[in-house]
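Below: sequence and its predicted model.
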Amino acid sequence: MNVIVGSGRLAETLLSFWRENETVAIYSRNEQTALQLQQRYSFARYWSKEELRAATRLFLCLPKEGYADFFAEMKGVLQADVEIIHMATALMSAEVRKWCSFDKIIACKLAGHAKEAMAQKEMTLVLPKESAFFEKTLKQLFSSEVRIVIGTESDTKRANQLATKMTLQLIQSFEQQWQEQGLPQELFESSAKQIISGVNKAYFTGDLGGFAKKIKEQLEQEKSNDSIR
């Protein structure tokens, strides 16, 4: 039996792409949020700790800090041959093995942002080369909107970190220039939320409007001029 461990954003994102004909259970210390997920996804069922004895595969949707406590709690509960699919981006497989003695540990990392993946109805999961055999299982469990990429845990971590850092720098720089130009503060939030998100999406889908296309051309020209100097 497949079990999603956790009831936060990542857990719900997995459920949103899960094939409804594939059985899945949810386990979480937070029974209330787990039951809420069960209500939203009728094909999923909340499991108690005792029921985890029947689990054959666990998708760990826990923060890095929650792994040690989880494995300590599960001593004597889980089957010895259970598959552990660990998804915490900041946690490497070598670290996971320090807390448990299971042989079947498979890294499977989300490249991107959980809530945005759900909103955009597309998700990218990264498997290390040594776990490429698990791609077939993922395609069986998840819908066709899920893309499977073979890569490394460290590259996925660095990619997510870089994307997060650059986005935060962009927002901070945008706010600073906004203030320097004396633009109305009451317009900042809507501009930051909608324009940054909208232009970003249009850029990757090739759907930039005329205004954005003109600015893009200007930026490309400036870049070209800089490279000549």
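Alright, I've got the coordinates.

Show me the chain divided up by domain.
2-153, 157-228 (automatic domain parsing).

Would you mind pulling the contact partners of stretch 187-203?
120, 170-171, 174-175, 178, 207-209, 212, 216 (C-beta atoms under 8 Å, 6 or more residues apart in numbering). C-beta here means a position set from N, CA and C on the backbone, and glycine is covered the same way.

Stretch 13-29 spans what distance, first to last residue?
18 Å (C-alpha to C-alpha, to the nearest Å).

Output the lowest mean pLDDT helix or strand found in the chain.
Here the helix or strand of the chain ranked lowest by mean pLDDT, DSSP states H and E is helix 210-228, holding a mean of 78.

Pull the residues that contact it.
199, 202-203, 208.

Among the residues you listed, which lie within helices?
Among these, the members found in helices (DSSP state H) are 199, 202-203.

ok, how many other residues are close to S191?
13 (other C-beta atoms under 10 Å).

pLDDT value on it, please?
For S191, the pLDDT comes out at 88.

cool, and the one 4 residues further on?
At I195 the predicted local confidence, pLDDT, stands at 85.

So what's the residue count around it?
12.

same check, this time on N160
Neighbours of N160 using other C-beta under 10 Å come to 18.

returning to what we had before: tell me which of the domains of the chain is the most buried.
domain 2-153 (a mean of 17; mean count of other C-beta atoms under 10 Å).

I4 is in what secondary structure piece?
For I4, the element it lies in under DSSP states H and E is strand 2-5.
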